[in-house]
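A.B. asks: here are the coordinates; sequence isn't available:
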Ligand code: HEM
């Protein structure tokens, strides 16, 4: 039976995607970027967190990525998530992180389920994989979501979600459960499956270069406000976001490429939050991510033979 800890999860990712020294065990194929964040005028009503109350633009180091541990994961892959991870510069060497993917849900509700999924996939046995998904229908939601939408034309033309439920606290001590969602300012743009198949596996890089030459790649960061009964502990559970109020938190602007070393010497950790923002208390995936990212980080930093 599954005994998921950070080491076994990283080993299981390696078993699925291969062991690639010196790089991330997941979201391996990526691009380091930089920019800034300007909070909206409404953000302070929800949270006292400094980056949502800043009077000046907050520096951002970011990393776009493809999900999974394949260093060459093709940018045209439909049933894979795109990611954006960010450090927000809080000054004096402090920062807080935000990690988003291009789907509202993850593929497992807890670490044991994720280990079972990875273990099944690693067998490459169609019957075992089929049996896993039959027994774990919540694990199919992410691929269903992605397959129902076109392949994003760019890292800059797709919606991103924080997936977990977070809680804001404002200056009056008022709490509000919410989920992060970032929407590209120019709207979502996709390409056909045929176009995607013809694309270079790394086409998002030159696409981003052309896009940045014309101006910043911008997203409106929003908070989808939770209501009573919305699950706070299951990253495979969808909230009915069409029926939920959403608040503009501000604008993320990606302005340029950043030296890849800046991202590779760093770790983007979803649990690195700041006063005014809390992660979910009973979502067991959330704290496991921090541990698994630390394992992946220490392995990719280790000297190579
Ligand atoms: C227990 C569940 C999970 C495990 C074991 C896991 C594993 C990993 C690992 C090993 C990395 C590379 C970390 C590094 O070397 O710095 C990573 C990166 C990432 N993960 Fe997860 N992950 C999990 C859940 C999630 C969820 C729910 C999301 C949804 C937002 C997510 C989004 C990302 C993103 C965007 C990155 C790229 C970060 C970067 O660019 O440095 N992961 N994950």
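C.D. replies: Perfect, thanks for sending it. Just so it is clear, the model here is predicted, and its values are computed rather than measured.

A.B. asks: What's the nearest residue in the stretch 101-250 of the chain when you look at the ligand?
C.D. replies: residue 106 (3.8 Å; CB to the nearest ligand atom). (Each C-beta comes from the backbone N, C-alpha and C, glycine too.)

A.B. asks: Would you check how far apart that residue and residue 236 are?
C.D. replies: From residue 106 across to residue 236, the span is 6 Å (CB to CB, to the nearest Å).

A.B. asks: Mutual contacts of these two, please.
C.D. replies: Common contact partners of residue 106 and residue 236 (CB atoms under 8 Å, 6 or more residues apart in numbering): residue 142.

A.B. asks: From the chain's centroid, how far away is stretch 72-80?
C.D. replies: 15 Å (CA atoms, centre = their mean, to the nearest Å).

A.B. asks: quick one: the helices in the protein?
C.D. replies: 6-17, 43-46, 111-122, 126-135, 141-147, 193-198, 204-214, 260-264, 285-301 (DSSP state H).

A.B. asks: Remind me what the fifth one packs against, helices and strands.
C.D. replies: Think helix 141-147. Here helix 141-147 touches no other helix or strand, going by 3 or more CB pairs under 8 Å, 6 or more residues apart in numbering; DSSP states H and E.

A.B. asks: can you put the helices of the chain in JSON lines and add distance to residue 225, mean pLDDT and mean neighbour count?
C.D. replies: JSON lines is the format used below for the helices of the chain (distance: least, CB to CB, whole Å; pLDDT from 0 to 100; neighbours: other CB atoms under 10 Å):
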{"stretch": "helix 6-17", "distance to residue 225": "31", "mean pLDDT": "98", "mean neighbour count": "19"}
{"stretch": "helix 43-46", "distance to residue 225": "9", "mean pLDDT": "98", "mean neighbour count": "19"}
{"stretch": "helix 111-122", "distance to residue 225": "28", "mean pLDDT": "98", "mean neighbour count": "20"}
{"stretch": "helix 126-135", "distance to residue 225": "32", "mean pLDDT": "98", "mean neighbour count": "12"}
{"stretch": "helix 141-147", "distance to residue 225": "21", "mean pLDDT": "98", "mean neighbour count": "17"}
{"stretch": "helix 193-198", "distance to residue 225": "34", "mean pLDDT": "96", "mean neighbour count": "12"}
{"stretch": "helix 204-214", "distance to residue 225": "31", "mean pLDDT": "98", "mean neighbour count": "14"}
{"stretch": "helix 260-264", "distance to residue 225": "32", "mean pLDDT": "97", "mean neighbour count": "15"}
{"stretch": "helix 285-301", "distance to residue 225": "19", "mean pLDDT": "97", "mean neighbour count": "18"}
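
A.B. asks: would TSV of those helices with distance to the ligand be doable?
C.D. replies: As requested, the helices of the chain are exported to TSV (distance: least, CB to the nearest ligand atom, whole Å):
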stretch	distance to the ligand
helix 6-17	4
helix 43-46	20
helix 111-122	5
helix 126-135	16
helix 141-147	10
helix 193-198	21
helix 204-214	14
helix 260-264	6
helix 285-301	3
